[in-house]
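Participant: need a structure here:
(chains A, B and C)
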Amino acid sequence: MSMKKTTLDLWVGVFVAAGLGALLFLALRVGSFSAFETAKTYTIQAAFENIGGLKVRAPVKSAGVVVGRVVDIRFDNTTYEAIVSMQLGSQYKFPTDTSAAIMTSGLLGEQYVALDAGGSDRMLSNGDTLRITQGAVVLENLIGKFLFNKAEEGGVGAQEEGSAP
Amino acid sequence: MAKTTDAVRPHPPVSDNLVEIRDLSFAYADRLVLQGINMTARRGQLVAIMGNSGCGKTTLMRLIGGQLKPTLGKVIVDGQSVGELDFQALYRLRRRMGMLFQFGALFTDMSVFENVAFQLREHTDLPEEMIRDLVLMKLNAVGLRGAQDLMPSELSGGMARRVALARAIALDPMLVMYDEPFAGLDPISLGVAGDLIRRLTDTLGLTSLVVTHDVQESLKIVDYVYFISEGVIVAQGTPQEIRDSDLPYVHQFVHGEEDGPVPFHYPAPAYAEELGFGHA
Amino acid sequence: MLEHVAAILRRMGARVINSVWRLGLATRFFFLTLLYSGTCFRRPHLVIKEIFSAGVLSLIIILVSGLFVGMVLGLQGYETLQTYGSEEALGILVALSLVRELGPVVAALLFASRAGSAMTAEIGLMKATEQISALEMMAVDPIARVVAPRFWGGVISMPLLAALFSAMGIFGGYLVGVVLIGVDEGAFWSQMQAAVDFRDDILNGVIKSAVFGGVVTVIALYEGYDAPPTAEGVSRATTRTVVSSSLAILAWDFVLTSFMFRGAS
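Facilitator: The predicted structure is shown next:
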């Protein structure tokens, strides 16, 4: 390998530049840049009866826009409910009577927390807890109910639907 | 040893002997390779260490270069006991030694020029022009200035060894050791190599140690000869004394006789017995 | 009978002791390499040369394999996801599996067989032809001059190669998924972006591959340095480099993964 020093330097330069370019591509185009999202955030909590398959780091969306992430999920020993902590970007303000629901993107997709803004004048701040929540729809319950209704349809006719579980 | 820097080393009033070996023994694990060796090489002398293959000649060189440590005894080079030096001092001493390996051991990923320039780049901060001049001077001394841009793979065995010699003398060492410099050379290269070693020793004021089994070529050029057999020195003297020696071993070696004190046969049971004739 | 069992046990014991012994020597070798790395930073050109032989020369195989692995992932992932009607998640599948696992691991395996084996052979031959010995006699420490630059060359090259592998793979997945099959392009990228986290996925992948680079080069250099200076010795050392560094990559991958992604997903 009797390569000229300058040619070798050039190749190594091209290689390093390409490698860093690939990293940059991964960081910007493929991933979300959370490490450098040093933007201010605030954390709120919500208690759910059932969180289904919700995971830490699941997105928190409002009107379909990602406004934050789930940072912690705990089980409350006194109320037997799941306490979900969410970190929201501080540029997103929500009224105190905002409601939270656990939804699924697509039929079998990832689960996320959807926030539905209320009408209050006061805004949520760090550490606040959401009052109105709606847990995950558990598919097995839904199917069970559907079959139950089908079976009853013949006899009693149209029954009033129960509230969502 | 007192701490001295390379630049202002006061010439120590050491003896005339550059290399002095006293009662040296060396063993690999439990195999005794060298035993009770005593030898000296005076400054400016060209000394040959001879013996048949596997007699411990190369081991002796590694002991002088500090790559091995003596089991017993001392190797003293320029007044310093090599086996007792720490890493720094040993490396400082080695900068003033050159070694020519059996097949050159040139760095295969560098050109001839870079090979010779290697130590200058590693150990000095000389400007590029000066390195160039020094390298060309050394290459000229071995007659290969024209080959400076070749790669080691493009050289013949004799040329590679001459380049290695130029590399070994790049830092103007006080001592140069040659490991089998004549092995595998054609008669012309052989003569060239022999002359070169003699000439460099004289013109550069070096002390040279040649380890070899080529008796005829080395007897022509050296000042003094040590014969080693099975780890001990069996004979020593000037070339003339060696030629005239009637010691059986030396006689066999110098005249290349097949059988003698060094037997042709490896130890074995009696031939007839092994072929089954013994129990007829 | 009993002596047969004893013989087998003895052989097993000898092998274990030998392995532990070699592991210890390799560890010592690794620390020596770190200790003598000063020269590399004073003379970066030594490292640049090794980045060339470790990184640039592995570039083609990394890029081509990355592209194909990504295309296969796109195809297989689509087949599977389509059954559940969630083809849009193809981007997530391709990106996460590449960035977290396949990128660092497969790139490191390729690196071990391309650059690692070459390193072992090179050092082994340098030893066989007494070049290492010559360095010592020229008062140049071979660990500092020959081993350390190669080590750092590997540690620096490996994350870059893994990133290129992943990027190429995602491009391959995109080609098959979006261009060929027709998955919605917006969904492909946006779902991917929502699911892949810079620190948890990409940065961890980079750390992984740097560790793999270090592991592979230490094994390769140690095997070369330790090889008996014969043709057979060097060829066996080369084989051992590929086998043991592949195993080491997978073992380290498990260890690192269990620390990095614990509870994250």
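Participant: in the stretch 1-150 of chain C, which spans are helices?
Facilitator: Using DSSP state H, counting those that start in this stretch, the helices found in the stretch 1-150 of chain C span residues C:2-35, C:38-42, C:44-54, C:59-83, C:90-96, C:103-111, C:117-128, C:131-137, C:142, C:148-174.
Participant: between those, which gets the lowest average pLDDT?
Facilitator: The minimum mean pLDDT among the helices of the stretch 1-150 of chain C belongs to helix C:38-42 (a mean of 82).
Participant: what's that one packed up against?
Facilitator: On a contact count with 3 or more Cβ pairs under 8 Å, 6 or more residues apart in numbering or on different chains; DSSP states H and E, helix C:38-42 meets helix C:44-54, helix C:148-174. Every residue, glycine included, has its C-beta placed from N, CA and C.
Participant: contacts for the helix or strand just after the last one?
Facilitator: Using DSSP states H and E, the helix or strand that follows helix C:148-174 towards the C-terminus is helix C:185-195. Around helix C:185-195, the neighbours that count as contacts under Cβ atoms under 8 Å, 6 or more residues apart in numbering or on different chains are A:29-32, A:59, A:66, A:110, C:88-92, C:94-96, C:170, C:174, C:177-178.
Participant: near chain B too, which of those?
Facilitator: Filtering those for neighbours of chain B using Cβ under 8 Å from any Cβ of the partner chain leaves an empty set.
Participant: using ChimeraX, define a selection of the buried residues within these.
Facilitator: Burial among the contacts of helix C:185-195 is assessed by 16 or more other Cβ atoms under 10 Å in any protein chain shown; the matching ChimeraX selection reads:
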select /A:30,31,32,59,66,110 /C:88,89,90,91,92,94,95,96,170,174,177,178
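Participant: contacting residues for residue A:12?
Facilitator: Residue A:12 neighbours (Cβ under 8 Å, 6+ apart): C:48, C:51-52, C:55-56.
Participant: which is the next helix or strand following the helix or strand residue B:41 falls within?
Facilitator: Secondary structure from DSSP H and E places residue B:41 in strand B:31-42. Later in the chain than strand B:31-42, the nearest helix or strand by DSSP H and E is strand B:46-50.
Participant: any idea of the angle whichever helix or strand comes after that next one forms with strand B:46-50?
Facilitator: For strand B:46-50, the following helix or strand on the C-terminal side (DSSP H and E) is helix B:57-64. For helix B:57-64 against strand B:46-50, the angle by axes from the mean of the first three to the mean of the last three Cα atoms, to 10 degrees is 130 degrees.
Participant: buried stuff in helix B:57-64?
Facilitator: B:57-64.
Participant: now, which of these sits nearest chain C?
Facilitator: Closest approach between the buried residues of helix B:57-64 and chain C, by Cβ to the nearest Cβ: residue B:62, at 8.2 Å.
Participant: wait, doesn't the closest one sit right on residue B:68?
Facilitator: Yes: here residue B:62 reaches residue B:68: they are 4.5 Å apart, a contact under Cβ atoms under 8 Å.
Participant: in chain A, which residue is closest to the centre?
Facilitator: residue A:59 (2.2 Å; Cα atoms, centre = their mean).
Participant: look up how far residue B:169 lies from it.
Facilitator: From residue A:59 over to residue B:169 the distance is 73 Å, taken as Cβ to Cβ, to the nearest Å.
Participant: for the residue nearest the centre of chain C, which non-adjacent residue is closest in space?
Facilitator: Centroid-nearest residue in chain C, with Cα atoms, centre = their mean: residue C:108, separated by 2.3 Å. Excluding the flanking residues, the one nearest residue C:108 by Cβ to Cβ, 6 or more residues apart in numbering or on different chains is residue C:212, at 3.7 Å.
Participant: residues touching that neighbour, list them.
Facilitator: Residues in contact with residue C:212, defined by Cβ under 8 Å, 6+ apart, are C:104-105, C:107-108, C:111, C:158, C:162, C:249, C:252-253.
Participant: same thing but at 10 Å, please
Facilitator: C:104-105, C:107-109, C:111-112, C:154-155, C:158-159, C:161-162, C:245, C:248-250, C:252-253, C:256 (Cβ atoms under 10 Å, 6 or more residues apart in numbering or on different chains).
Participant: which secondary structure element contains it?
Facilitator: Judged by DSSP H and E, residue C:212 forms part of helix C:204-226.
Participant: pull out the buried positions in the helix or strand following that helix.
Facilitator: With elements assigned by DSSP H and E, the helix or strand that comes after helix C:204-226 is helix C:231-260. By neighbour count with 16+ other Cβ under 10 Å, helix C:231-260 contains the buried residues C:234, C:236-238, C:240-242, C:244-246, C:248-249, C:252-253, C:256-257, C:260.
Participant: could you find the closest non-adjacent residue to residue C:176?
Facilitator: Using Cβ to Cβ, 6+ apart, the closest residue to residue C:176 is residue C:74 (3.4 Å).
Participant: this completes my enquiry, with thanks.
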